[in-house]
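> Quick check, what structure comes out for this input:
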Amino acid sequence: MKGKLLIVDDEKHIREGLQKALAVDGFDVMLSSDGREAIKMIEEGDIDLVITDLKMPRLSGEELMKKIIERYPYLPVIILTGHGTIENAVEAMRTGAYDFITKPLNIDKLSLIVKRALENSSLKRQNRELLNQLKKKYSFENIIGNSPSMMKVYETIELVAPSRANVLIYGESGTGKEMIADAIHHNSPRRDKPYVKVHCAALPESLLESELFGHEKGAFTGAINRKRGRFELANLGSIFLDEIGETSMQTQVKLLRVLQEREFERVGGEQSLKVDVRIITATNKDLKGEIEKGNFREDLYYRLDVVSINIPPLRERKDDIPLMVHKFIEEFSRENGKQIEGITNNAIKALMSHKWPGNVRELRNVIESIVVLTKSKIINEQALPPHVLSRDERSHLKLPAGMDLGEAEKRVILFTLENTGGNKTKASEILKIGRKTLHRKLAEYGTS
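Next comes the predicted model:
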């Protein structure tokens, strides 16, 4: 990889010779005659790597390196040293220098060291960015909403995350139960340990037990190798069991044992395995009602529901919708290379009037679809899908005063066609125009 290098040496012929040699390899090379000047250049320029002599006036290479490590810990430093200062160079590496090379210089060796140092620095930078993204992904900012009910959810997460307590998350489908579970784990002392997720409803009962607890070779047909289960993989970390209410009574018995004794056996195995796992569960069912029906064990319920978090459906916190909409527009505009500047108040009102049976997931999908399909920089009511608009809004089209007549005609035609479900014969009858005229207009709009 190429990069911008800074060579610091008080001997002109050395720094200029290095500049010419490294420029051949495609590096952009800058020069400095002493440490103080180098610091200014690092502050002003986008330097990827520093090569510095140890013995220099005003500010030595050792002092320069210490300042760089203190201020720019991800900026690699290579030390140039004579035979009389090798011990100093070795000490500099202990302090944080990437490597050193002795004079007289072997340019091929230096070039190789530079390339390795830049690759190493790039990997560190990428890892740092990934960690920052991970931190941002699981921060509270990712859970959108500032309504009183959501503030209560945030407060509970802050209190329960540092503890070892099991958490049961209640909420309808699409409310964001998994995001809450993510936030609990990634804000807990176990954040650097394994975090394993299992969607209990997505696996048939015959496979769920093996998935959770693992199996031994030959335990059943197809078990050609030993398999570690999710609980074993989550040891010292957390496990998230989504839709826990869908598990069978047989699986519930085994889960209860893990909760009580912190141990289990693989399917077909005899050896008991000990685990230290924090259990976070979620459900869209009323587990107390399931207990009364005989579908869920009461003793397991009380083990899981040490702390409960109830996520309100979107229809009960509609004041959060404008904030979500703007966040989603920003997110999907960035992902799709769109430049959408905003959304009209009428469109927001229409979105707030919808009941959102699919909750936040449905709203998110709707906004993504709108962003992908719209050609306008401002999202208005006409951009909303028909099922989101109220019956009154579906039958009325609002046009702004002063709109171009041709554009107004286009909107009326397209709105009528949309309300007839694409039936052109019916649309032409409502508009009182011939089918040929309608087809010609649609061809002009590029929607025929």
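> switch to C-alpha atoms for all contacts and neighbour counts from now on
Noted.
> correct me, but Ile47 touches Ile7?
No - using C-alpha atoms under 8 Å, Ile47 makes no contact with Ile7, being 10.5 Å away.
> out of the two, which sits in the busier spot?
Ile7 (24 against 18; other C-alpha atoms under 10 Å).
> Tell me which stretches of the stretch 51-200 of the chain form helices.
Assigned by DSSP state H, counting those that start in this stretch, the stretch 51-200 of the chain shows helices spanning 61-71, 86-95, 107-137, 148-160, 177-186.
> For Arg297, give me the backbone phi and psi.
phi -70, psi 130 (degrees, to the nearest 10).
> so what's it up against?
By C-alpha atoms under 8 Å, 6 or more residues apart in numbering, Arg297 lies in contact with 249, 252, 291.
> can we see that at 7 Å?
Contacts for Arg297 (C-alpha atoms under 7 Å, 6 or more residues apart in numbering) come out as Ile291.
> what's the weakest-modelled helix or strand in this structure?
None of the helices or strands of the chain scores lower by mean pLDDT, DSSP states H and E than helix 391-394, at a mean of 48.
> So which elements touch the next helix or strand after it?
Where DSSP states H and E defines the elements, the next helix or strand beyond helix 391-394 is helix 405-419. Packing partners of helix 405-419 (3 or more C-alpha pairs under 7 Å, 6 or more residues apart in numbering; DSSP states H and E): helix 424-431.
> quick check: angle from the helix it packs on to helix 405-419?
With axes from the mean of the first three to the mean of the last three C-alpha atoms, to 10 degrees as the basis, helix 424-431 and helix 405-419 are set at 130 degrees to each other.
> Now do the buried residues in helix 424-431.
Using 16 or more other C-alpha atoms under 10 Å as the test for burial, helix 424-431 gives 424, 426-428.
> that older thread, mind listing the shared neighbours of Ile47 and Ile7?
Common neighbours of Ile47 and Ile7 (criterion: C-alpha under 7 Å, 6+ apart): none identified.
> Any figure for the gap between the residue nearest to Arg317 when sequence neighbours are not counted and Lys20?
Beyond its immediate neighbours in the sequence, the residue positioned closest to Arg317 (C-alpha to C-alpha, 6 or more residues apart in numbering) is Ser147, lying 6.5 Å away. Between Ser147 and Lys20 the computed distance is 63 Å (C-alpha to C-alpha, to the nearest Å).
> Poorly predicted segments of the stretch 251-400 of the chain, please.
For the stretch 251-400 of the chain, the stretches with pLDDT under 70 are 390-398.
> can you pull out the helices in it?
Secondary structure of the stretch 251-400 of the chain (DSSP H, counting those that start in this stretch): helices at 287-293, 298-304, 321-336, 345-353, 359-373, 391-394.
> Contacts only, for Gln339.
The contact partners of Gln339, by C-alpha under 7 Å, 6+ apart, come to 333, 377.
> Who has more neighbours out of Ser147 and Lys20?
Shown here are Ser147 and Lys20; by other C-alpha under 10 Å, Ser147 has more neighbours (15 against 12).
> Quick check, that one in contact with Glu316.
No - distance between Ser147 and Glu316: 9.7 Å, which falls outside the contact criterion (C-alpha atoms under 7 Å).
> can you list the domains in this structure?
4-134, 142-312, 314-396, 401-448 (automatic domain parsing).
> what's the offset of the first one from the middle of its chain?
Right, the one you point to is domain 4-134. What separates the centre of domain 4-134 from the centre of its chain is 34 Å, taken as C-alpha atoms, centre = their mean, to the nearest Å.
> try stretch 409-424
Relative to the chain's own centre, stretch 409-424 is displaced by 39 Å; criterion: C-alpha atoms, centre = their mean.
> Check which residues of that stretch are buried.
For stretch 409-424, the neighbour count (16+ other C-alpha under 10 Å) marks 410-418, 424 as buried.
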